[in-house]
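In: Everything below, folded, please.
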Amino acid sequence: QVQLVESGGGLVQAGGSLRLSCAASGRSFSAYRMTWFRQVPGEEREFVATISTGGVLPDYADFVKGRFRITRDNAKNTVDLQLNSLKPEDTAVYYCAAGRSGVRDAYRTEKYDYWGQGTQVTVSS
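Out: Down below sits the predicted model:
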């Protein structure tokens with residue numbers, strides 16, 4: 001069992017930055033692929049970024065490449081998402097998720113066993 005709690009969301013102007021953090025409790029954090037998704041009301045949850053169990057081989061959705069960076073610290077049981085050059089269209093609730101999928105399935109929400117409650121990111125124009 002893994003519990004996930006996100007933090008770091010807020011209101012920022014376009015072009016600004018935020019750093020989201022996801023703290024995990026429970027066993028075997030390092031055994032899980034960690035992924036960030038986001039969701040806008042009325043739309044499906046969409047893949048943002050993922051990182052492998054060892055903290056290497058990150059992968060990103062095309063719309064965030066070069067702007068967001070995912071990192072993890074297995075000693076601290078945390079996974080972070082640095083959001084730079086934010087745009088109004090990045091406004092969403094951001095969720096972290098833990099699963100055991102390979103990178104090919106990382107974008108599929110059904111592959112994740114545990115989810116956080118989400119943190120709101122609002123980017124004003």
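In: Backbone torsions only: list them for the residue nearest the centre of the chain.
Out: Residue closest to the mean C-alpha point of the chain, counted by Cα atoms, centre = their mean, is Trp36 at 2.1 Å. Phi and psi for Trp36, reported as degrees, to the nearest 10, are phi -110, psi 130.
In: What of Asp113?
Out: The phi and psi values for Asp113, taken as degrees, to the nearest 10, are phi -90, psi -30.
In: Ok, Ala24 next?
Out: When quoted as degrees, to the nearest 10, the phi and psi of Ala24 stand at phi -110, psi 140.
In: Please state the offset of the helix or strand Thr50 falls within from the chain centre?
Out: Assessed by DSSP states H and E, Thr50 sits inside strand 46-51. In terms of Cα atoms, centre = their mean, to the nearest Å, the centre of strand 46-51 is found 6 Å from the chain centre.
In: Neighbouring strands - and their directions - for that strand?
Out: In the sheet, strand 46-51 lines up against strand 33-39 (antiparallel), strand 59-60 (antiparallel) (DSSP bridges).
In: With that, I have no additional questions.
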